[in-house]
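Trainee: Got a predicted structure plus its sequence, pasted below:
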Amino acid sequence: MDTTNKSLGDYFRHHMREYGLLIALIAIMVFFQVVTDGTLLKPVNITNLFLQNSYIIIMALGMLVVIVSGNIDLSVGSVMGFVGAFAAVMIVEWQVPVSVTILASLLLGTLIGAAQGYFVAYWKIPSFIVTLAGMLVFRGLSLWLLEGQSVGPFPKSFQLISTGFVPDIFPAGLTDALAAMSGSRNFNGLSMALGVVAVAFIIWTGLRDRAHNAKYGIEDEPQAFFVARTVIISGALLFVMFKLSTFRGVPNVLVSMVVLTVIYAFLTANTTIGRRIYALGGNVKAAKLSGIKTERLIFLSFVNMGLLAALAGLIFAARLNTATPKAGFAVELDVIAAVFIGGASMSGGSGKVIGAVVGAFIMGVMNNGMSILGIGIDYQQVIKGLVLLAAVFFDVYNKTKQG
Amino acid sequence: MTPLLEMRSITKTFPGVKALDQVNLQVMEGEIHAICGENGAGKSTLMKVLSGVYPAGSYEGEIHYDGQLAQFRDITDSEHRGIIIIHQELALVPLLSIAENLFLGNERAKNGVINWRETFARTEGLLKKVGLKEAPSTLIEKLGVGKQQLVEIAKALSKEVRLLILDEPTAALSEADSQALLDLMLELKTQGVTQIIISHKLNEVRRVADTVTVIRDGTSVSTTTAASGNITEDRIVRDMVGRDMSDRYPPRPRNPGDMLLEVSDWNVWHPEQAERQVISDISFNVRKGEVVGIAGLMGSGRTELAMSIFGRSYGRNISGRVRLKGQEIDVSRIDRAIANGLAYVTEDRKSLGLVLDETIRTNITLANLPAVSRSGVINENQETTIAEGYRGALNIRTPSVFQKVVNLSGGNQQKVVLSKWLFAEPEVLILDEPTRGIDVGAKFEIYGIINDLAAQGKGVLMISSEMPELLGMCDRIYVMNEGEFVGELTAEDASQERIMSLIVTE
Ligand SMILES: Nc1ncnc2c1ncn2[C@@H]1O[C@H](COP(=O)(O)OP(=O)(O)OP(=O)(O)O)[C@@H](O)[C@H]1O
Ligand SMILES: [Mg+2]
């Protein structure tokens, strides 16, 4: 008995990072739930949390890739604002159809990423410098494009990117019955169904991985931890989806966010291109001598970042229903902070997509909770800064202690 | 003589690995004590315990130093007591000068203002002591590894050193540099500096050591003194591997087949200095089933030749032709060179060969990911099986292929690099110092792998500074000097003397 306790403790200590992140997110949510008298987890606020943070999470996916490859992109906030402004001008002033605008905006973001990536990858100019320049350039360009004014509002079809909800597919009778059962005015059966499917999927993949690890004799999470973690995650997921279903259902952005997260988690963990990016971030010379086209990968990571920043810009503009010269201001800091809170290393070569997403949620919940409490923007900045430092300190402290 | 150092029942565990298990070591005042053992036996770990890299409390057992129980908290602590360690991996700052490096952290300064005159004067004195003829203001990056090693020793001497620990100091040195270093060790001994040397080069151990302790699988198995007359290479080897090893080179039928690789009129210029030609008009060939060696001194351009052929990974204005089985092949980029059947095992595994923070498994498949993936999606099960296969075949000492490479001992890291390139399934394998830092047993295994490749009809081009190894393994040896081939010897004609005379007469 004593020995198993010891090994459980050992395991926990060695994987402090991963559990710590999850525990921190839960602790922060519980904290704000209590101090906001339950406002944080009200259905409308949960919906808001997703709407408010979707663009940060989407950019964090691209930023993670950039940081893993050993670079950084400081320009994402400016690029996001610029693309939003560009879309607004196209739609409102030039009367271009929404679909064309969306395509043109995504293309614009991709080109911006390509331009920056070109200098970083092929001319070996440090990404810090190239994207610092980009940050100034695109901030200036949005001011110029908008002539210092806000441009809006947008047609309904454009706003739907961000404020729309996935329509319920279940018959109205069922919806009403469920609404009555749950004691709310409304009940979105699809949302709940998706929650159940997602939980089933998580449990299934978890069990499958364990079976695989056992087969290959790979050291695995102790059973107790696996069960606890799965129960917590599944419970939280069902809870959130239930709350959403009593409001307006699944927001469109949540769908894009989840789909993108799954795609990037898969890309980074299971594909050759992902593996090569980690290798290049870990040791660029060794990667190169292994036949990996390091320049091209760096270039592509910036192209990808530009595309995601453009998408974020569209979502952001659609949510506010207007493009302002201040859009995206200092957002790069939240995005970068999310990735580092999520455990990525500044020197490249390590970091996980899921960590970056959880990191973004930690930032998001704090932003949201502090706003509900009416804490001034001044204190908010101080607190976020300290949380970032604490997270990275925790990381480093753990590493040195393990020697 | 009294013991200066006694380490008693030292046990050190890492997660999943017991690196040291009740090791005892006794070092007498004023002697040179050698520690031998296979890769991963725990030699470096023992020295890290001694010097406080692993602080007191992180290991079990006792260290008695200079008559007292020593409990070092960190390296500075042990340095204050005169214990200086020169690690397997050199730790100089490349962009600082020799003088700055010598007194780094120990600056000759008053109120934080450096006294450059004193710094330079003392540097000159120290450089004279170690026999290095360089200006104190020379940047470290301009020095070869041999000279850097001497700077490390000078740095040790700049402090009050009583016990100097050298972890594989000659692994990266040429024959001549090694000799100079060993002479220096003997000279320091006459000045009363006690020294511990870790080395896989048993002839060197025999030459300088007063006492040899052999470590096997984390335990000390024997201690022999020179006075007893029992220090022989065979005996050390037997203690190291736990059995007799009569042959150092496994036999191989020598019957080269058809022409495999032909390089002709190869010219390469220095990447930064436009007028400097590094390789001039070199032509050579390797046949199927042949092991061809390139002998030469450090800096003769052997690595530059290999790397320039391997996807132009070195040099500028490269010209010449490369043919494989009679067909001209494209080696203008690394991925193309690999696709066309070349592989290059670097001499510098840490900075060029491995992604240290990644696992053994991902390092092994890195150069040939398509072979473990479908439509760009990696099959991790297959990857694990393959990595396990190489772990078994090359006897990589580690609890699992999911260990990070950085946690492996130097020799086992080398085996990972080798596995990586074997998995790339090349037609011609270029090996640059393939057995650097590798123990005798593992060397034998690696020679066996080279022979297997040759038996399969592949070609092997082997660059080595260890002449006995070239003579023992190669069918033919090219001799290189200052960027040119100055001779070609068949196995029958080759000898150390002939190779040296070809180099010298040029
Ligand atoms: N930080 C670490 N974490 C886990 N295992 C480690 C760590 N450092 C060393 N080891 C393990 O301890 C054992 C001894 O390693 P050590 O570096 O002392 O070997 P060595 O005798 O110096 O070998 P070599 O001749 O190859 O340099 C090896 O099995 C190695 O994998
Ligand atoms: Mg070692």
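Mentor: Received the coordinates, thanks. Ligands and ions are numbered 1, 2, ... in the order given.

Trainee: Which element, helix or strand, includes the residue of the stretch 201-350 of chain A found nearest ligand 1?
Mentor: In the stretch 201-350 of chain A, the residue found nearest to ligand 1 is A:Glu219; the distance is 13.5 Å by C-beta to the nearest ligand atom. For every residue, glycine as well, the C-beta is placed using N, CA and C. Per DSSP states H and E: A:Glu219 is located in neither a helix nor a strand.

Trainee: How about the backbone phi and psi for the residue nearest to B:Thr138 when sequence neighbours are not counted?
Mentor: Nearest residue to B:Thr138, sequence neighbours excluded (C-beta to C-beta, 6 or more residues apart in numbering or on different chains): B:Ile98, at 5.4 Å. Main-chain torsions, B:Ile98, degrees, to the nearest 10: phi -60, psi -50.

Trainee: and B:Ile98, how many neighbours does it have?
Mentor: 29 (other C-beta atoms under 10 Å in any protein chain shown).

Trainee: Would you confirm that it contacts B:Leu127?
Mentor: Yes: counting by C-beta atoms under 8 Å, B:Ile98 does reach B:Leu127; the two are 7.1 Å apart.

Trainee: what's the overlap in contacts for those two?
Mentor: Residues touching both B:Ile98 and B:Leu127 (C-beta atoms under 8 Å, 6 or more residues apart in numbering or on different chains) are B:134, B:136, B:154.

Trainee: Who wins on neighbours among these?
Mentor: Among the shared contacts of B:Ile98 and B:Leu127, B:Ala154 has the most neighbours (other C-beta under 10 Å), with 23 neighbours.

Trainee: Now it: closest residue in space, sequence neighbours ignored.
Mentor: Distances taken as C-beta to C-beta, 6+ apart place B:Leu126 nearest to B:Ala154, at 4.2 Å, with adjacent residues excluded.

Trainee: for B:Ser174, same thing?
Mentor: B:Ser174's closest residue in space is B:Met298 (C-beta to C-beta, 6+ apart), at 4.1 Å.

Trainee: just to confirm, which helix or strand has the one you found in it?
Mentor: Judged by DSSP H and E, B:Met298 forms part of no helix or strand.

Trainee: That one: how many residues sit nearby?
Mentor: Applying other C-beta under 10 Å, we find 16 residues neighbouring B:Met298.

Trainee: My read is that B:Ile279 contacts B:Val263, right?
Mentor: No: taking contacts as C-beta under 8 Å, B:Ile279 lies outside contact range of B:Val263: 10.3 Å.

Trainee: Who has more neighbours out of the two?
Mentor: Using other C-beta under 10 Å, the more surrounded residue of B:Ile279 and B:Val263 is B:Ile279, with 26 against 19.

Trainee: what's around residue 50, how many residues?
Mentor: Let's take chain A. By other C-beta under 10 Å, the residues close to A:Phe50 number 20.

Trainee: right idea, wrong chain: chain B
Mentor: Counted with other C-beta under 10 Å, residues neighbouring B:Leu50 total 25.

Trainee: before we move on, the earlier item: for A:Phe239, see how far away the residue nearest to B:Thr138 is.
Mentor: 65 Å (C-beta to C-beta, to the nearest Å).

Trainee: Equivalent analysis for A:Pro251, please.
Mentor: In terms of C-beta to C-beta, A:Pro251 sits 17 Å off from A:Phe239.
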